[in-house]
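In: Below is the structure, and that's it, no one-letter string:
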């Protein structure tokens, strides 16, 4: 490891890093605009100048200069300060003085560095450059007069998002960052451009002129829009969620989030359930909590437990799920299921239903097989991780499933189970690539598991993983990619039918035959509510979506930003989201509603506080005691041998922008849908 001196202090640094990174390791701040640790080096803003000896007798760009042994680096000399002043002065020649109306105000790198490193006056009096704004779609607002040509946005679109739609035209003062063809960006990660922009050239269009950063309260939480569990920060003003931003977590989402995670938040303000309702005379009427509980109590009176069922939704927290499980057990009902889509996964060995290698394990994989999944829509941030692995080289990626653009080259092997069978039998060339890999990774999506033959597909994928020696002490390359935030937590808690119990399909069939008389929907909206027949439906949730429309009693719950909740992501990582605000009106936290209902029914649940509920979680499954930790799950027999269908695998997500009650209530997501439709029509 080379030894360098930074401002007279000697430090040992890893070989191959840049001078800028070495300075950061030494705790020395180096200003920069174009440099970003997750993007390629551009070296075009020249703000990170330092003096280096031995070396040329002029300041060097530290972001592009590798360290060398016995190098001396000077960051605070008069020459360096003068150079930085000059760079800052040049950057401000054409930058408009519109900080009071700029949405980046208060969070602007240009403001901060002008204060810390800039000149105290301007010597230029010519007219400033004027640049037309660009239309990048409904999410990213452009003010290109402010652009300083750092090219971060171009590099992100090309390298991380995999959509080469941004570039630079012209030279010098005439240079413009623009789209090659005038249309909206076609990536599900476009909102990250706003975070990357060091000035106010790219800002959030839905958030424009809504609030200032210093007005907002900031709360750390977890995303529930897909199964990845991206770490987020929820910014609120009063009771209203103003924006959602990513939090840094290298093991999960790095520092990216999807556009749905970021911009579906306006759905939290529309179609909300803020008071109980009871159906009277065929119409839902407002009621008190006591009246709603009384209606449920009257229906459950003398009702056999086998005629009661519960279905859990896709965004439920673990606290509410364990409370519902305990209530159903007290009522004597084995009919409970957390698999709304009918996925053929059981609460067996944990390794059978989690992403065993973890998201960070993708970086180690040297051959990847995708089965029945479109990760670009099912988990855009995880898909960016797959692209990152492809760009690093020496990784073959094959797909059995839908033929879609994943933003990186994929070897299309086929569309359905027949192809998978041929691959397992070694009849396809990709088998040899998987066999030769030291760390093969098999990713099984819900498109392969929610089918009638899903259990057989799961068993075949397990056999293949074992055949490839992908499951061993130092590596478990079997990965299930979930599309929902509640699924792994539900399986951890055993929210599957008990002995003699019914799954979702069985519950719906029982309703049609009048064998099920009461169904409790815990924020479950992704089922065919027409099949509920004449059953008495209790809906507990936060939006007036499909389940609420069919309900006989509505109990208003809290959305994920309005309650502290525990969530388990697709890799089995237990994470906690904090409360950023309070639910509207008479709505309450979901576990508290179930606790109150149980008391009314004479089946009082044995916990009164959130801490007690979380103690109950650990009692049911010890994995809930290990927060923010990921490890491969236990292995064993799972799946079920059976006949495979000839039907091709189909992704469970047909519309990325509307997959849940929150996103369906979002005006911004509707605009994104319209923009994507226009783009597809133009193509």
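Out: That came through, no problem. From a predicted model like this one, the values you see are computed outputs, not experimental measurements.

In: Please count neighbours and contacts with C-alpha atoms only from this point.
Out: Fine.

In: For the residue nearest the centre of the chain, give its distance to residue 206.
Out: In the chain, the residue lying closest to the centroid (C-alpha atoms, centre = their mean) is residue 230, at 4.2 Å. Distance, residue 230 to residue 206, using C-alpha to C-alpha, to the nearest Å: 21 Å.

In: And residue 580, by the same measure?
Out: From residue 580 to residue 206 the distance is 20 Å (C-alpha to C-alpha).

In: quick one: which of the two has more around it?
Out: Neighbour tally, residue 580 and residue 206, criterion other C-alpha atoms under 10 Å: the higher count belongs to residue 580, 25 against 17.

In: My read is that the more buried one contacts residue 562, right?
Out: Yes: using C-alpha atoms under 8 Å, residue 580 is in contact with residue 562, at 5.8 Å.

In: Next, residue 462: secondary structure please.
Out: helix (DSSP: H, G, I helix; E, B strand; the rest coil).

In: and what of residue 480?
Out: State at residue 480, reduced to three classes by three-state DSSP: strand.

In: for it, what are its contacts?
Out: By C-alpha atoms under 8 Å, 6 or more residues apart in numbering, the contact set of residue 480 is 352, 353, 354, 355, 356, 443, 444, 445, 570.

In: now with 7 Å?
Out: The contact partners of residue 480, by C-alpha atoms under 7 Å, 6 or more residues apart in numbering, come to 353, 354, 355, 443, 444, 445.

In: Let's see if you can find the most crowded of the residues you listed.
Out: Counting neighbours by other C-alpha under 10 Å, residue 355 comes out on top of the contacts of residue 480 with 32 neighbours.

In: Okay, and the nearest residue to residue 102 once chain neighbours are set aside sits in which element?
Out: Once flanking residues are discounted, residue 102 sits nearest to residue 200: 6.4 Å by C-alpha to C-alpha, 6 or more residues apart in numbering. Residue 200 belongs to no helix or strand when assigned by DSSP states H and E.

In: Let's have the contacts of residue 480 in a markdown table, adding distance to residue 72, secondary structure and pLDDT.
Out: Formatted as a markdown table, the entries for the contacts of residue 480 read as follows, by distance: C-alpha to C-alpha, whole Å; DSSP: H, G, I helix; E, B strand; the rest coil; pLDDT from 0 to 100:
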| residue | distance to residue 72 | secondary structure | pLDDT |
| --- | --- | --- | --- |
| 353 | 53 | coil | 96 |
| 354 | 49 | coil | 96 |
| 355 | 46 | strand | 97 |
| 443 | 48 | strand | 97 |
| 444 | 52 | strand | 97 |
| 445 | 52 | strand | 96 |
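
In: Please identify which of those is nearest to residue 269.
Out: Closest approach to residue 269 among the contacts of residue 480 (C-alpha to C-alpha): residue 445, at 31.9 Å.

In: Setting the sequence-adjacent residues aside, check what's closest to that closest one.
Out: Distances taken as C-alpha to C-alpha, 6+ apart put residue 373 closest to residue 445, at 4.5 Å, once the chain neighbours are dropped.

In: How about residue 559?
Out: Excluding the flanking residues, the one nearest residue 559 by C-alpha to C-alpha, 6+ apart is residue 542, at 5.8 Å.
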